[in-house]
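[1] need coordinates for the following:
(chains A and B)
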Amino acid sequence: MSKPRYERPVLIRHEAGLMNKFGRVQALRPLTEIDGAAVDELVAAYGSPLFVFSERTLVERARELKEAFARRWPRVRLAWSYKTNYLGGICRIFHREGAFAEVVSDFEYDKALGLGVPPDHIHWNGPYKTDAALTRALAGGAIVHLDHFDELAAAERIAERLDLRPSVALRISLSVEGVPEWSRFGFHLESGQARDAVARLVAGNRLELVGLHCHLGTFIADVRAYGEQARKLARLANEIRERHGVRLGFIDIGGGFASHNTLKEQYLPGTQATPPFSRYAEAVIEGLCELTCPAREQPLLVLETGRALVDDAGTLIATVHANKRLPDGRRGVVLDAGVNVLFTAFWYRHDVVPCQETHGTPEPTVLFGPLCMNIDVIRDSLLLPPLQVGDRIALRNCGAYNVTQWMQFITYRPAVVLVGDGGRHALLRRCETLDDVVGPEQTPPWL
Amino acid sequence: MGATDKLKDLALSESGFVFDPYTGSTFSANDTGRKILDGLRRGLDRDAIAAELRQGWDGVPDDLGRDIDDFVLLLRRQHLLPPDFSL
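    Numbering: from 1, shown residues only, chains lettered A, B, ... in the order given. Next up is the predicted model:
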């Protein structure tokens, strides 16, 4: 009779009556491939850690979003949120699907232009646009979303200087029950500031008001918030039409839809708690039905959905460097990927899946990164089967914000690859080298 | 009370269910954990416990002593062994 396979010895205390703070056992089925590309092959080709994006998931999510809204509203536009992920290859996929660009800086504007996006297909948001940037945007025909009165005045000055009558939108902030108010952006609705801005813009007679924009917040899983937002924007649009005779070309509801990630304070996992796009669409369109204009004059609906499109498409593959037993009894696992590349580990309990068969009893585990910093914790409590040095794990839903907010800190930033049809794969961004880091440095001549 | 006396008073089932009669706490041990517990209750040292594990299981790692020490740390942590106990 053959002997059983050895498992590392474990002893787990029963916590009767308490909510299981470690959550469900992770990953009974290993993730050995991504869209037909073997994880081992990807790591052998590009190294570890490694961000892997699924082209299929990106396209499916973009189409799912567009269809959910287009079934309910005649004219819908997606403006791809560059800050969520501005890797050229990722942006190209969304532009190929018909998306405009949504940018918030000179750098992002240049990046969009460099990818071949015409200026009039670029929405330019954000509270900081220099005169030089505004001049380029207005002269080029970009769709500028004005954030404050100083910017409105600057846009008027530039329009006068250039002898143009550019089309602009106003960013509106508003209150919705259950959502923290982002009042630092745009013109506030309930205080009357938004109406003042409209009156000011119309009276100035230098700019053409073509749109209203509001971005409620981030990772909002309660679709009713979007219904309320759309209702308030529709009522404001009605008022603008009645008072000023302005027929708006678009209403932009911003982004903020939840991905399938799980926030740290969230009880249910994102796979259960996150609404499908169709429910967001139902809520938004119900709100927009408050518009009183004739059907043929209904404004275009603009979506700036970022996270919910790209998050699920990104996976971070990491390798186990060491195991250790912590004084509190938990198992500590040191990975080669830390919070410097997985910034979102501060917000989410990322799903963790081993990339090979595992054997043994799952036990409470902490996942540490490689940084010599106490904050470098990828997951602070989860049940994982034993992992050996050299084993790989996949951290899922990492596609949003990580490859834009990651830091060059202590280690190089890793490679990013795209997996396409039939498991073919190619680099989106190579791993950094020493030259990338020290290249911009200068040595003062007296040193 | 000897260092491992408390272990001898534990109720330990074949399936790895462990009951501590002093505190009412219960635990689950896997098969290798149960084997180490059993060895400690019988007063075996590290080498003897390691030999029993090698005899009973396939694929035992070379650094088995580390796993045994880790498990002893868990027992200390759960107050089933005195804080200064080591093999």
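
[2] spit out the contact partners of A:Ser183.
    Contact analysis of A:Ser183 by CB atoms under 8 Å, 6 or more residues apart in numbering or on different chains lists A:Ser173. No exception for glycine: its C-beta is placed from N, CA and C like everyone else's.

[3] now do the SS call for it.
    For A:Ser183, the assignment made with DSSP: H, G, I helix; E, B strand; the rest coil gives coil.

[4] I'd like the distance between it and A:His213.
    15 Å (CB to CB, to the nearest Å).

[5] also A:Tyr46?
    39 Å.

[6] looking at those two, which one has more neighbours?
    A:His213 (26 against 21; other CB atoms under 10 Å in any protein chain shown).

[7] which non-adjacent residue is nearest that one?
    A:Asp252 (3.8 Å; CB to CB, 6 or more residues apart in numbering or on different chains).

[8] give me the phi and psi for the one you found.
    Main-chain torsions, A:Asp252, degrees, to the nearest 10: phi -110, psi 120.

[9] and what of A:Arg171?
    phi -90, psi 130.

[10] and the residue nearest to it when sequence neighbours are not counted, what pLDDT?
    Sequence neighbours aside, A:Gly186 is the residue nearest to A:Arg171 in space, at 3.2 Å (criterion: CB to CB, 6+ apart). A:Gly186 carries a pLDDT value of 95.

[11] what of A:Leu18?
    pLDDT at A:Leu18 comes out at 49.

[12] show me where pLDDT drops low in chain B?
    B:1 (pLDDT under 70).

[13] helices along that one, start to end?
    B:5-9, B:31-41, B:46-56, B:64-77 (DSSP state H).

[14] how much space between the residue nearest the centre of chain B and chain A?
    The residue lying closest to the centre of chain B (CA atoms, centre = their mean) is B:Leu37, at 2.6 Å. Plainly put, B:Leu37 is 8 Å away from chain A if you go by CB to the nearest CB, to the nearest Å.

[15] just to check, that residue is in contact with B:Asn30?
    No - the criterion here is CB atoms under 8 Å, and B:Leu37 misses it with B:Asn30 at 10.7 Å.

[16] how many neighbours does A:Arg429 have?
    17.

[17] need the per-residue pLDDT for it.
    Reported pLDDT for A:Arg429: 98.

[18] and what of A:Gly23?
    53.

[19] other SSEs contacting the helix or strand where A:Glu282 lies?
    Applying DSSP states H and E as the criterion places A:Glu282 in helix A:277-288. Using 3 or more CB pairs under 8 Å, 6 or more residues apart in numbering or on different chains; DSSP states H and E as the contact test, the elements touching helix A:277-288 are helix A:55-70, helix A:223-244.

[20] swap in 10 Å and give it another go.
    helix A:55-70, helix A:223-244, strand A:250-252, strand A:300-303, helix A:307-310 (3 or more CB pairs under 10 Å, 6 or more residues apart in numbering or on different chains; DSSP states H and E).

[21] so which of the ones you listed is the most packed in?
    Most buried of the helices and strands packed on helix A:277-288 by mean neighbour count (mean count of other CB atoms under 10 Å in any protein chain shown) is helix A:307-310; its value is a mean of 28.

[22] how many neighbours does the closest residue to A:Ile285 other than its chain neighbours have?
    The shortest distance from A:Ile285 to any non-neighbouring residue, by CB to CB, 6+ apart, is to A:Arg72 (4.3 Å). A:Arg72: 17 surrounding residues under other CB under 10 Å.

[23] and for A:Phe107?
    If we define neighbours as other CB under 10 Å, then A:Phe107 has 11 of them.

[24] list the contacts of it.
    A:82, A:86 (CB atoms under 10 Å, 6 or more residues apart in numbering or on different chains).

[25] which strand or helix spans it?
    Here A:Phe107 is assigned to helix A:106-114, by DSSP H and E.

[26] what does the stretch 1-150 of chain A have sitting close to chain B?
    Residues of the stretch 1-150 of chain A that fall close to chain B, judged by CB under 10 Å from any CB of the partner chain: A:2-16.

[27] so of the residues you listed, which ones are in strands?
    Among those, the members falling in strands (DSSP state E) are A:11-13.

[28] what sits closest to residue 64 if chain neighbours are left out?
    I'll assume chain A. A:Phe277 (5.5 Å).

[29] if you could check chain B rather than the one you did, that'd help
    Per CB to CB, 6+ apart, closest to B:Leu64 is B:Ala50, 5.1 Å.

[30] count the residues that sit near the one you found.
    Neighbour tally, B:Ala50, other CB under 10 Å: 19.

[31] distance check, it against chain A.
    11 Å.

[32] and what of B:Leu12?
    11 Å.

[33] that residue against B:Thr26, yeah?
    No - the pair B:Leu12 / B:Thr26 is not scored as a contact, 11.1 Å apart, by CB atoms under 10 Å.

[34] anything in contact with each of the two?
    By CB under 10 Å, 6+ apart, the residues touching both B:Leu12 and B:Thr26 are B:18-19.

[35] in a helix, the residue nearest to A:Ile285, correct?
    No - counting by three-state DSSP, A:Arg72 is not part of a helix but coil.

[36] contacting residues around the residue nearest to A:Arg171?
    A:125, A:127, A:145-148, A:169-174, A:193-194, A:197, A:212-215, A:254.

[37] kindly report the same for A:Asn397.
    Per CB under 10 Å, 6+ apart, neighbours of A:Asn397: A:259-262, A:270-271, A:307, A:310-316, A:344, A:348, A:350-351.

[38] do the same with B:Gln78
    Contacts of B:Gln78 by CB under 10 Å, 6+ apart are A:11-13, A:329, B:18, B:20, B:23, B:25, B:27.

[39] and the buried ones among these, selectable in PyMOL?
    Of these, the buried ones go into a single PyMOL selection, burial set by 16 or more other CB atoms under 10 Å in any protein chain shown:
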select buried, (chain A and resi 11+12+13+329) or (chain B and resi 18+20+25+27)
